[in-house]
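Enquirer: Next come a sequence and a model predicted from it.
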Amino acid sequence: MQQILIDTDPGVDDAYAILLAMLSHEFHVPAITTVCGNVPVDQATQNLLTILGLLDLDEFPMIAQGEAAPLIKPLVTAAHVHGDDGLGNTSHLQNANGSPLYPPANTTLSSMTGTELILEMAAQYPDELIIVALGPLTNLATAIRKDPAKMRRLRKIIIMGGVFEEYGNVTTTAEFNIFVDPHAAHEVFQFGVPVHIAPLDATHQVVLTGERLRTETENQEDRVSRFLWDATQACMEFYREHVGFWGFHIHDALPIAMLTHPDYFESVNAYVQVETAGDLTNGMTIADLRPERQRSDPNAQVCLKVAAEAFLNAFFERLHAP
Ligand code: RIB
Ligand code: CA
């Protein structure tokens with residue numbers, strides 16, 4: 001059974017990813033760590049507990065809070081996309097009696113830091129653990145700095161991040177997760193553990209329209225469906241105004257689906273570098289993807305093609321599975 005540690009900055013699309021992971025049977029999730037990104041890390045941790053509180057879990061993953069700031073740059077968040085609380089402002093929704101509509105899971109945080117829990121899991125599952133990183137790579141880089149020998153035993157790292165043949169979503173050239181902490185991304189890409197990247201080039205192929213989300217969730221009775229409909233409203237309004245359609249890109253669900261439905265994804269080998277010093281290009285991911293320019297020492301696989309409709313169908317089938 002594959003062992004997966006999820007590192008996340010929830011984040012509405014992180015919620016889609018975490019729910020897909022916890023509803024999937026292809027792997028076990030022994031641990032989830034939070035990191036600063038879409039929201040400050042303490043809010044990310046609260047949001048993770050809210051997301052897990054939607055599920056009837058027999059066993060909770062270990063949860064630990066990670067780094068509160070990037071390695072060098074000041075933190076940049078994305079509340080303008082994900083809402084002030086990072087989950088579409090669903091934290092303010094209440095039942096008729098005034099209790100929270102989406103209360104947190106009844107579980108406790110580990111006494112370990114996120115970095116310590118990552119290293120603990122790497123030691124517990126040597127050559128087996130896969131880390132799926134859905135936010136800035138600060139926790140992973142910190143763990144590598146603290147104990148590179150343990151981190152070398154990771155089977156692989158799958159990330160949502162970067163952009164190669166399109167524009168960025170934070171600046172013209174940079175995607176959010178890499179832009180927030182380009183120094184961490186550089187250290188992870190150069191470390192030597194295989195990295196599988198789901199960049200914007202792939203995640204933008206999956207267009208979740210408001211109409212599709214309404215069809216799949218609005219009239220459903222289950223908490224997960226109601227939450228996804230409620231939590232995605234803020235993102236879809238942002239998209240309506242700034243991206244050009246009423247809907248959302250569920251970026252972070254793709255790295256999880258690479259584990260549940262690998263056949264839906266096509267990737268190429270690449271040597272990926274990160275701009276850490278540039279002004280206009282800070283956080284840019286750079287790789288020459290031309291087949292004739294392939295290097296003999298790729299450090300990553302970059303996903304460039306997704307069976308988008310098949311992926312969306314599989315996502316909602318799993319969401320609605322009894
Ligand atoms: O660029 C998209 C990524 O940045 C996603 O992981 C989203 O949650 C934000 O963290
Ligand atoms: Ca994220």
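Expert: Structure received. Ligands and ions are numbered 1, 2, ... in the order given.
Enquirer: Without its sequence neighbours, what residue ends up closest to the residue in the stretch 101-250 of the chain positioned nearest to ligand 1?
Expert: Among the residues of the stretch 101-250 of the chain, Phe176 lies nearest to ligand 1; the distance is 3.5 Å by C-beta to the nearest ligand atom. Backbone N, C-alpha and C define where each C-beta goes, glycine included. Using C-beta to C-beta, 6 or more residues apart in numbering and skipping the chain neighbours, the partner closest in space to Phe176 is Val170 (4.9 Å).
Enquirer: repeat for Leu228
Expert: Using C-beta to C-beta, 6+ apart and skipping residues adjacent in sequence, the residue nearest Leu228 is Thr217, 5.1 Å away.
Enquirer: thought the one you found was touching Gln233?
Expert: No. Look at Thr217 against Gln233 with C-beta atoms under 8 Å: they stay out of range, at 11.1 Å.
Enquirer: Tell me which of these two has more neighbours.
Expert: Comparing Thr217 with Gln233 by other C-beta atoms under 10 Å, the one with more neighbours is Thr217, at 20 against 17.
Enquirer: Now do the contacts for that one.
Expert: Ser225, Arg226, Leu228, Trp229 (C-beta atoms under 8 Å, 6 or more residues apart in numbering).
Enquirer: Burial check on Pro199, number of neighbours?
Expert: The burial metric for Pro199, expressed as a neighbour count using other C-beta under 10 Å, is 26.
Enquirer: before we move on, what about the one 4 residues further on?
Expert: Counted with other C-beta under 10 Å, the neighbours of Thr203 add up to 25.
Enquirer: Which residue is the nearest non-sequential neighbour of it?
Expert: Taking C-beta to C-beta, 6+ apart as the measure, Thr203 lies nearest to His251, with 4.0 Å between them; neighbours along the chain are not counted.
Enquirer: Tell me the pLDDT of the one you found.
Expert: His251 is assigned a pLDDT of 98 by the prediction.
Enquirer: Point out the residues in the chain that sit beside ligand 2.
Expert: Within reach of ligand 2 by C-beta under 5 Å from the ion, the chain has these residues: Asp9, Gly11, Asp14, Leu134, Gly135, Asp252.
Enquirer: Tell me how far the residue of the stretch 101-250 of the chain closest to ligand 1 lies from Lys73.
Expert: Applying C-beta to C-beta, to the nearest Å, one obtains 13 Å for the distance of Phe176 from Lys73.
Enquirer: Do I have it right that the residue nearest to Thr203 meets Pro199?
Expert: No. Between His251 and Pro199 no contact is recorded; they are 9.3 Å apart, counting by C-beta under 8 Å.
Enquirer: Mutual contacts of these two, please.
Expert: Common contacts of His251 and Pro199, defined by C-beta under 8 Å, 6+ apart, comprise Met160.
Enquirer: From Gly278, how far off is Ala300?
Expert: 20 Å.
Enquirer: out of these two, which sits in the more crowded spot?
Expert: With neighbours defined as other C-beta under 10 Å, Ala300 and Gly278 compare such that Ala300 has more, 23 against 13.
Enquirer: pLDDT at the residue nearest to Leu228, what is it?
Expert: 94.
Enquirer: Assign the residue nearest to Thr203 to helix, strand or coil.
Expert: For His251, the assignment made with DSSP: H, G, I helix; E, B strand; the rest coil gives coil.
Enquirer: what about it, neighbour count?
Expert: His251 is surrounded by 27 other residues when neighbours are defined as other C-beta under 10 Å.
Enquirer: just Ala257 next, same as before
Expert: 27.
Enquirer: in which helix or strand would I find it?
Expert: Using DSSP states H and E, Ala257 sits in helix 253-260.
Enquirer: Touching that helix from outside, list them.
Expert: Under the contact criterion C-beta under 8 Å, 6+ apart, helix 253-260 has outside partners 2, 4, 6, 13, 16-17, 20-21, 24, 26-27, 130, 132-134, 158-160, 196, 198, 202-203, 206, 264-265, 303, 306, 311, 314-315, 318.
Enquirer: what's the offset of the helix or strand immediately after it in the chain from the middle of its chain?
Expert: Going down the chain from helix 253-260, the next helix or strand is strand 265-270, by DSSP H and E. Taking the mean C-alpha point of strand 265-270 and that of its whole chain, the gap between them comes to 19 Å (C-alpha atoms, centre = their mean, to the nearest Å).
Enquirer: and if you look at stretch 8-25?
Expert: 8 Å.
Enquirer: What of stretch 222-230?
Expert: Relative to the chain's own centre, stretch 222-230 is displaced by 19 Å; criterion: C-alpha atoms, centre = their mean.
Enquirer: which parts of it are buried?
Expert: Under the neighbour-count criterion of 16 or more other C-beta atoms under 10 Å, stretch 222-230 has Val224, Ser225, Arg226, Phe227, Leu228, Trp229, Asp230 buried.
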